[in-house]
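A.B. asks: this one's structure only:
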């Protein structure tokens, strides 16, 4: 799979003095394939989660709270990569097709990532390569 297959879509934000509403997803979006499950994961500043790889699942990623840098690769051993930063002030949805490695890091004290999978999570379908969990420099 090519990194050019990763899509980024601007999310609609409805401003409200009580708190903004961010429209994340609906079943009529052309990029929405089918619903498997949605989960939220917190990530703390200076820590990295990943590497993750799905053999057949599509991931729809957004960051409703904080700011996160995502790094993508087609081959875990390659140096070539693509980086995208999204978050509360950069309201985008990242569509990650199958067969792309990705990791992510928070730029805030705590950020929240939402991931909607096209099927239920299956550990046999997912590959993971651990990252050294030492505190890393903030980029």
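C.D. replies: Arrived safely, thanks for sending. Fair warning: this is a prediction, and the values are worked out from it, not measured in the lab. Residues are numbered from 1 along each chain as shown.

A.B. asks: C-alpha only now, for contacts and for neighbours.
C.D. replies: Noted.

A.B. asks: packing partners for the helix or strand harbouring residue 102?
C.D. replies: Taking DSSP states H and E as the criterion, residue 102 maps to strand 101-106. Counting contacts by 3 or more C-alpha pairs under 8 Å, 6 or more residues apart in numbering; DSSP states H and E, strand 101-106 packs against strand 37-44, strand 48-54, strand 67-73.

A.B. asks: now it, how far from the chain's geometric center?
C.D. replies: Centre-to-centre, strand 101-106 and its host chain are 7 Å apart (C-alpha atoms, centre = their mean, to the nearest Å).

A.B. asks: quick one: that strand to strand 37-44, angle?
C.D. replies: Here the directions of strand 101-106 and strand 37-44 differ by 50 degrees (axes from the mean of the first three to the mean of the last three C-alpha atoms, to 10 degrees).

A.B. asks: Residue ranges in the chain under the pLDDT threshold?
C.D. replies: Along the chain, the parts satisfying pLDDT under 70 run over 132-139.

A.B. asks: Residue most distant from the centroid, it?
C.D. replies: residue 17 (27.8 Å; C-alpha atoms, centre = their mean).

A.B. asks: From residue 91, how far off is that one?
C.D. replies: Using C-alpha to C-alpha, to the nearest Å, we find residue 17 at a distance of 18 Å from residue 91.
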